[in-house]
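Enquirer: kindly generate the corresponding structure for this input.
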Amino acid sequence: MIIKNVQTYCSPSEDIQKETVLSFNDKAIITRDESFLKILDIAGTIATTCATVLIQGESGTGKELLATYIHRKSIREGLYIAVNCASLPDNLVESELFGYEKGAFTGAVKRKYGKFELANSGTIVLDEISELSLNVQAKLLRTLQEKTIDRIGGYDAIPVDFRLIAISNIDLKLAVKENKFRKDLFYRLNVIPLEIPPLRNRKYDIDLLLDYFLIKFSKIYHLEYKTLDVRARRSLNNNTWEGNVRELENVIERAVLLSGKNKTITEEYVFIESVENQPKEDNFDYGFDSLKTMEKEMIFRTLNEVNENRTVAAKRLGISIRTLRNKLNEYRENQNQINQVSSL
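Expert: Numbering: from 1, shown residues only. Predicted structure coming up:
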């Protein structure tokens, strides 16, 4: 992990002159926002303790990155185990978290250690913890209180030494009021509450992130470093960023690829699709047709490079597999319409 202070992108009229960069592997937390810096300061202070942490914030704000930062600054020698609770099938949640004994049920041919045991002497991160059923929440509460786990089919409570970091992209207080989350578990988790502000409330961070991702993706794709022209940068600064940093990262990766050999990325390469209040096709500004053509060419070129592997192509393009599938269906339908007209 690298922690450093460097000069920031800012105009002479701005008071803030430095940014904080926390980088690990190919990811980084970059900010000069006062509220976020306070959160990082608290996180650094409590990292060496065993206190339970609850990180909340909108999707794409960097909650798991913050959890990683806390673990790496801690003195815990065990593993960092991250679990996405939303991805666990209901019938497998308990066995995944707490493990099971041989013969506990049909198919249990040998003992399985759960995530809590694997995180012994380390950190376990439960992402999207609100997705756990009330029954599993009750068992989790007991595990937190007793620092023991019970494997399915087992007879003895097994002591475990773990540090829990819970992550949620919904307001757990509201979930408690709606009887979707246990009140006693919420208070057990809410020892060190950290809430990451959305990117739209961190206006000074947008330029920093833009420049960081421009450098990152220029290097990844072996391209000469690209810059944004004034209009493109202004457009990106004025966006509300519903998907937060994750959305901004995807937009810049796409712009770097679509702009090809151009050193300067202009506004035509920077397009943002909102999932809410999306305008009808008729309402798009002039230039949309050419942009759609570039998008289509980029999609087919990427598919060709990855031997038609849609999963890999979607990841490279910064879109979901579902979006890629819809785009391909759209192109196919348009081609069929053209063929029908040609045959008349």
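
Enquirer: for the stretch 151-300 of the chain, which segments are assigned as strands?
Expert: Assigned by DSSP state E, counting those that start in this stretch, the strands in the stretch 151-300 of the chain fall at 158-159, 162-168, 192-195, 227-228, 264-265.

Enquirer: tell me the SS of the residue sitting nearest the centre point of the chain?
Expert: In the chain, the C-alpha nearest the mean C-alpha coordinate belongs to residue 60, at 4.5 Å (CA atoms, centre = their mean). With DSSP: H, G, I helix; E, B strand; the rest coil as the basis, residue 60 sits in coil.

Enquirer: what's the spacing between residue 201 and residue 61?
Expert: 10 Å (CB to CB, to the nearest Å). Quick note: C-beta positions are derived from backbone N, CA and C, even for glycine.

Enquirer: same check, this time on residue 295
Expert: Distance from residue 295 to residue 61, by CB to CB: 27 Å.

Enquirer: so these two - more neighbours on which side?
Expert: residue 61 (24 against 17; other CB atoms under 10 Å).

Enquirer: okay, residue 311: pLDDT?
Expert: pLDDT, the model's per-residue confidence, is 84 for residue 311.

Enquirer: assign a three-state SS to it, would you?
Expert: Following three-state DSSP, residue 311 is assigned to helix.

Enquirer: not counting its neighbours along the chain, what's nearest it?
Expert: The shortest distance from residue 311 to any non-neighbouring residue, by CB to CB, 6 or more residues apart in numbering, is to residue 321 (6.1 Å).

Enquirer: quick check: the gap between the one you found and residue 304.
Expert: With distances taken as CB to CB, residue 321 is found 17 Å from residue 304.

Enquirer: likewise residue 235?
Expert: Distance from residue 235 to residue 304, by CB to CB: 30 Å.

Enquirer: between these two, which one's more packed in?
Expert: Between residue 235 and residue 304, residue 235 has the larger neighbour count (other CB under 10 Å), namely 15 against 10.

Enquirer: what about the helices in the stretch 51-200 of the chain?
Expert: 63-73, 93-98, 115-118, 134-146, 172-177, 183-189 (DSSP state H, counting those that start in this stretch).

Enquirer: these: which one's closest to residue 207?
Expert: Evaluated over the helices of the stretch 51-200 of the chain, closeness to residue 207 peaks at helix 63-73, with 19.5 Å, by CB to CB.

Enquirer: mind giving me a markdown table with the strands of the stretch 151-300 of the chain and columns for mean neighbour count and mean pLDDT?
Expert: Listed next are those as a markdown table, based on neighbours: other CB atoms under 10 Å; pLDDT from 0 to 100:
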| stretch | mean neighbour count | mean pLDDT |
| --- | --- | --- |
| strand 158-159 | 14 | 96 |
| strand 162-168 | 25 | 97 |
| strand 192-195 | 17 | 97 |
| strand 227-228 | 18 | 96 |
| strand 264-265 | 16 | 94 |
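
Enquirer: can you redo the ones you listed as JSON lines with distance to residue 326?
Expert: Below are the strands of the stretch 151-300 of the chain laid out as JSON lines (distance: least, CB to CB, whole Å):
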{"stretch": "strand 158-159", "distance to residue 326": "47"}
{"stretch": "strand 162-168", "distance to residue 326": "29"}
{"stretch": "strand 192-195", "distance to residue 326": "34"}
{"stretch": "strand 227-228", "distance to residue 326": "28"}
{"stretch": "strand 264-265", "distance to residue 326": "26"}
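
Enquirer: residue 40: which of the ones you listed is closest?
Expert: Comparing the strands of the stretch 151-300 of the chain by CB to CB, strand 192-195 comes nearest, at 9.2 Å.
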